[in-house]
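> A predicted structure for the sequence below; I have some questions about it.
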Amino acid sequence: MNDKELIEVARKYREFSYSPYSNFKVGAAVLTKKGNVYGGCNVENSSYPLTNCAERTAIFKAVSEGEREIEAIALIADTEGPCSPCGACRQVMGEFHINRIIMANLKGDVKVVTLEEVLPFAFTEKDL
Ligand SMILES: O=c1ccn([C@H]2C[C@H](O)[C@@H](CO)O2)c(=O)[nH]1
Ligand SMILES: [Zn+2]
């Protein structure tokens, strides 16, 4: 699956967004090294900090299906520029060594970055 197709999966999952508090819908999709794809959306809660971002939903879906090796993650939202992942999601991406992050918006802007670029000096298992 190429980047454009992965973005389209993320776009589809964005529609499942449960975001009655922020009204900010986000979709994500991960591509595993086995070639499987898992989509996710943000899931909010009346206790706001319990909210799970779209990226972590997609990553946790993959991992809970036995996947460990993730090739890439795409995320999409209705943002001015390509949607950037939050710090918590960057840390979780680091845990599973996801190096290719495909940021997109509804208008079709796309920016591909590495984890190293968005999370320099990461705290990892090597620090323990
Ligand atoms: O990269 C991001 C940024 C924000 N959100 C969600 C969290 C919350 O539900 C809403 C507003 O922050 O968007 C994501 O899912 N991913
Ligand atoms: Zn996040």
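Yep, it's here. Ligands and ions are numbered 1, 2, ... in the order given.
> which residue is nearest the centroid of this structure?
The centroid of the chain falls nearest to E55 when counting by CA atoms, centre = their mean (2.6 Å).
> quick check: what element follows the one helix or strand that residue maps to along the chain?
Using DSSP states H and E, E55 sits within helix 54-63. Downstream of helix 54-63, the first helix or strand assigned by DSSP H and E is strand 70-77.
> just to revisit the earlier point, contacts for the helix holding E55 next, please.
10, 13-14, 17, 26-30, 32, 36, 38-43, 52, 70, 73, 75, 85, 88-89, 92-93, 96, 98 (CB atoms under 8 Å, 6 or more residues apart in numbering). Yep, even glycine has a C-beta here, placed from its N, CA and C like the rest.
> give me that answer again for 6 Å
Contact with helix 54-63 is made by 26-30, 32, 38-42, 75, 85, 89, 92, as judged by CB atoms under 6 Å, 6 or more residues apart in numbering.
> now check it, is it near ligand 1?
Yes. Using CB under 6 Å from any ligand atom, helix 54-63 reaches ligand 1 at A54, E55.
> export that helix as PDB, just CAs?
Extracted in PDB, the C-alpha atoms of helix 54-63 (Å, rounded to 0.1, in the frame of the first residue of the first chain):
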ATOM      1  CA  ALA A  54      -6.400   8.600  16.400                       C
ATOM      2  CA  GLU A  55      -2.800   7.600  16.100                       C
ATOM      3  CA  ARG A  56      -2.700   5.700  19.300                       C
ATOM      4  CA  THR A  57      -6.000   4.000  18.600                       C
ATOM      5  CA  ALA A  58      -4.600   2.700  15.300                       C
ATOM      6  CA  ILE A  59      -1.200   1.700  16.900                       C
ATOM      7  CA  PHE A  60      -2.900  -0.100  19.800                       C
ATOM      8  CA  LYS A  61      -5.300  -1.900  17.400                       C
ATOM      9  CA  ALA A  62      -2.300  -3.200  15.400                       C
ATOM     10  CA  VAL A  63      -0.300  -4.200  18.500                       C
END
